[in-house]
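# What follows is a protein structure lacking sequence information:
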């Protein structure tokens with residue numbers, strides 16, 4: 001197996017050999033010291049061109065991310081197409097059959113999606129700068145993709161409508177909650193599809209839990225955004241949703257709070273990967289370096305995400321990762337049962 005390409009600064013040194021050594025003294029004489037910026041992928045290397053990013057990132061956060069990246073790499077134009085993971089997958093399948101993938105970078109919700117593209121030989125190997133600060137369970141060991149932020153799915157509730165919030169996933173099957181629950185559609189949301197597989201595999205939940213939840217006639221929304229809005233407005237006072245959206249709305253003054261279920265929470269880590277067909281690999285690598293570097297991770301925390309780097313800050317009002325009970329089944333098992341879990345969800349809930 002070919003080893004992953006490492007950070008752009010190291011790769012250039014290996015490729016350029018004596019030329020780099022010959023220029024080192026001259027560059028040192030005219031370049032100010034920059035600490036560890038190069039090692040952490042903090043840019044400033046004069047890259048140019050454009051890249052296209054396919055992503056499920058919310059538009060406002062995406063705009064902030066691109067603007068901050070361009071503070072680091074002002075000469076790289078980032079074009080983005082955003083949609084739910086299911087729609088992104090459909091678009092990429094269509095492009096594969098009609099001339100080739102148009103994206104350089106994929107930034108989306110769940111690792112099984114990336115495992116499929118990896119198996120098909122569509123992703124390039126790249127080990128971003130600073131990846132040693134990311135837990136091994138949050139990145140592909142062969143270097144085809146890496147996590148960018150940890151996104152747990154929780155129970156959200158409207159504090160003006162709910163006096164005693166559900167404390168577990170099993171609590172959502174209480175008949176007293178009939179018609180009061182909303183959750184995202186796993187056929188559209190990659191995170192929701194991943195969660196369905198995790199719940200399906202859990203001995204405390206499984207198919208019986210899906211059936212009991214379905215008996216409460218929950219409302220199925222297209223994605224996590226409408227779920228959080230429905231809970232915040234009180235239209236559906238309880239929702240199954242990613243936690244950062246709850247913090248966003250709470251910070252904006254909405255009567256919404258988080259309950260972390262006692263059985264544990266499923267989570268995705270929004271991987272990023274570079275397509276092998278990208279014609280601007282170095283610019284794409286710079287974007288990946290930024291996402292997992294100190295600056296990109298600091299922005300992730302500002303945007304209410306839990307960072308993947310162990311040395312990054314935690315969002316205000318969020319629990320530390322060590323305080324959460326995470327549901328972490330084997331990725332191969334999740335991938336193997338994903339279609340079965342979606343079938344069960346469709347037959348029992350929606």
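Thanks, I have it. Keep in mind that what you see is a predicted model, and the values were worked out from it rather than measured. Residues are numbered from 1 along each chain as shown.
# hey, which strand is longest across the protein?
strand 149-158 (DSSP state E).
# Give me the helix or strand of this protein that scores worst on average pLDDT.
In the chain, no helix or strand scores lower on mean pLDDT, DSSP states H and E than helix 18-30, which sits at a mean of 36.
# Which helix or strand lies directly C-terminal to that one?
strand 49-55 (DSSP states H and E).
# other SSEs contacting that next one?
Counting contacts by 3 or more C-beta pairs under 8 Å, 6 or more residues apart in numbering; DSSP states H and E, strand 49-55 packs against strand 76-82, helix 85-96, strand 105-107, helix 281-292. Placement of C-beta: from N, CA and C, glycine included.
# could you redo these as a markdown table and give each row distance to residue 121 and mean pLDDT?
Output for these, formatted as a markdown table (distance: least, C-beta to C-beta, whole Å; pLDDT from 0 to 100):
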| stretch | distance to residue 121 | mean pLDDT |
| --- | --- | --- |
| strand 76-82 | 22 | 97 |
| helix 85-96 | 12 | 93 |
| strand 105-107 | 14 | 98 |
| helix 281-292 | 16 | 97 |
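# could the ones you listed go into CSV alongside distance to residue 319 and mean neighbour count?
Compiled in CSV, the helices and strands packed on strand 49-55 are given as follows (distance: least, C-beta to C-beta, whole Å; neighbours: other C-beta atoms under 10 Å):
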stretch, distance to residue 319, mean neighbour count
strand 76-82, 28, 17
helix 85-96, 26, 17
strand 105-107, 25, 24
helix 281-292, 22, 25
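# Can you add distance to residue 248 and give those back as CSV?
CSV is the format used below for the helices and strands packed on strand 49-55 (distance: least, C-beta to C-beta, whole Å):
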stretch, distance to residue 248
strand 76-82, 17
helix 85-96, 20
strand 105-107, 19
helix 281-292, 19
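# between these, which gets nearest to residue 345?
Residue 345 lies closest, by C-beta to C-beta, to one member of the helices and strands packed on strand 49-55: helix 85-96, at 13.3 Å.
# which helices and strands does that closest one pack with?
Applying 3+ C-beta pairs under 8 Å, 6+ apart, one finds that helix 85-96 contacts strand 49-55, helix 111-119, helix 190-201.
# got a list of contacts for that helix?
Counting by C-beta atoms under 8 Å, 6 or more residues apart in numbering, helix 85-96 makes contact with 54-56, 81, 83, 101-103, 106, 108-110, 113, 117, 187-191, 193, all of which sit outside it.
# quick one on the thing from earlier: give me the sheet partners of the longest strand of the chain and which way each runs.
Applying DSSP bridges, strand 149-158 is found paired with strand 238-242 (antiparallel), strand 256-259 (antiparallel), strand 265-268 (antiparallel), strand 306-307 (antiparallel).
# Look at residue 309 and report its pLDDT.
On pLDDT, residue 309 comes in at 89.
# ok now do it, which residues does it touch?
130, 133-134, 292, 294, 297.
# mind giving me CSV with those and columns for distance to residue 91 and secondary structure?
Converted to CSV, the contacts of residue 309 look like this (distance: C-beta to C-beta, whole Å; DSSP: H, G, I helix; E, B strand; the rest coil):
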residue, distance to residue 91, secondary structure
130, 30, coil
133, 32, helix
134, 28, strand
292, 25, helix
294, 32, helix
297, 28, helix
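# Farthest-apart pair in these, please.
134 and 294 (11.9 Å).
# how would you label residue 279: helix, strand or coil?
What DSSP: H, G, I helix; E, B strand; the rest coil gives for residue 279 is coil.
# backbone phi and psi for it, please?
phi -90, psi 0 (degrees, to the nearest 10).
# so what's it closest to, chain neighbours aside?
Counting by C-beta to C-beta, 6 or more residues apart in numbering, residue 104 is the residue found nearest to residue 279 once chain neighbours are left out, at 7.6 Å.
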